[in-house]
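S.K.: only geometry, no sequence info:
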């Protein structure tokens, strides 16, 4: 019984191995499981497989290049849009600054007018005060005066 079991195991292993080897050689020769076996040289089959692989790689490279170019174009368009938006923003800000500058200049002119009017009023009242001092007969001798000691001009 042991001998018969061992013989069955060996036969099964050998059969499975031969089927596996046959399938691999068939695939290598360019056939599929269900296809008939062609009488191709294995080197020619490898060369054909290599050509197919190169064609597939070239096709994939072309698709990747197209995808890359599309993405670059999208990015460039987005960049141009961003530049235009930034330029419009700068123009709006310049217009706002020009309006504010005009307001500031008009306020400055108004301030200068008020300043002149104040100086005229202030200078006029100072001038009146000095006239009234002269009318009292007080002489200006120097800057400081303490009784008989005079500091300043003599």
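M.R.: Thanks, I have it. No experiment lies behind these values; they were computed from the predicted model shown. Residues are numbered from 1 along each chain as shown.

S.K.: what about the top helix by length along the chain, average pLDDT?
M.R.: In the chain, with assignment by DSSP state H, the single longest helix is helix 42-135. Averaging pLDDT along helix 42-135 yields 89.

S.K.: So which elements touch it?
M.R.: helix 2-28 (3 or more CB pairs under 8 Å, 6 or more residues apart in numbering; DSSP states H and E). Where you see a C-beta, it was placed from the backbone N, CA and C, and this is true even at glycine.

S.K.: give me every residue that touches the residue sitting nearest the centre point of the chain.
M.R.: Nearest to the mean C-alpha position of the chain, by CA atoms, centre = their mean, lies residue 79 at 8.9 Å. Residue 79 makes no contacts at all, as judged by CB atoms under 8 Å, 6 or more residues apart in numbering.

S.K.: ok, it to residue 119 distance?
M.R.: Residue 79 is 58 Å from residue 119, where distance means CB to CB, to the nearest Å.

S.K.: ditto for residue 12
M.R.: From residue 12 to residue 119 the distance is 121 Å (CB to CB).

S.K.: Repeat that for residue 93.
M.R.: Taking CB to CB, one finds residue 93 at 38 Å from residue 119.

S.K.: Measure how buried residue 26 is and give me the count.
M.R.: Other residues within reach of residue 26, judged by other CB atoms under 10 Å, total 16.

S.K.: And residue 74, by the same measure?
M.R.: 10.

S.K.: Which residues are in contact with it?
M.R.: For residue 74, counting by CB under 8 Å, 6+ apart, there are no contacting residues.

S.K.: Residue 55 now?
M.R.: No residues are in contact with residue 55 under the rule CB under 8 Å, 6+ apart.

S.K.: Next, work out how far apart it and residue 43 are.
M.R.: 19 Å.

S.K.: What of residue 80?
M.R.: 55 Å.

S.K.: just residue 59 next, same as before
M.R.: Distance from residue 59 to residue 43, by CB to CB: 25 Å.

S.K.: again, but for residue 63
M.R.: From residue 63 over to residue 43 (counting by CB to CB), the distance is 31 Å.

S.K.: Not counting residues beside it along the chain, what's closest to residue 46?
M.R.: Leaving aside its chain neighbours, residue 46 sits nearest to residue 28 (7.4 Å; criterion: CB to CB, 6 or more residues apart in numbering).
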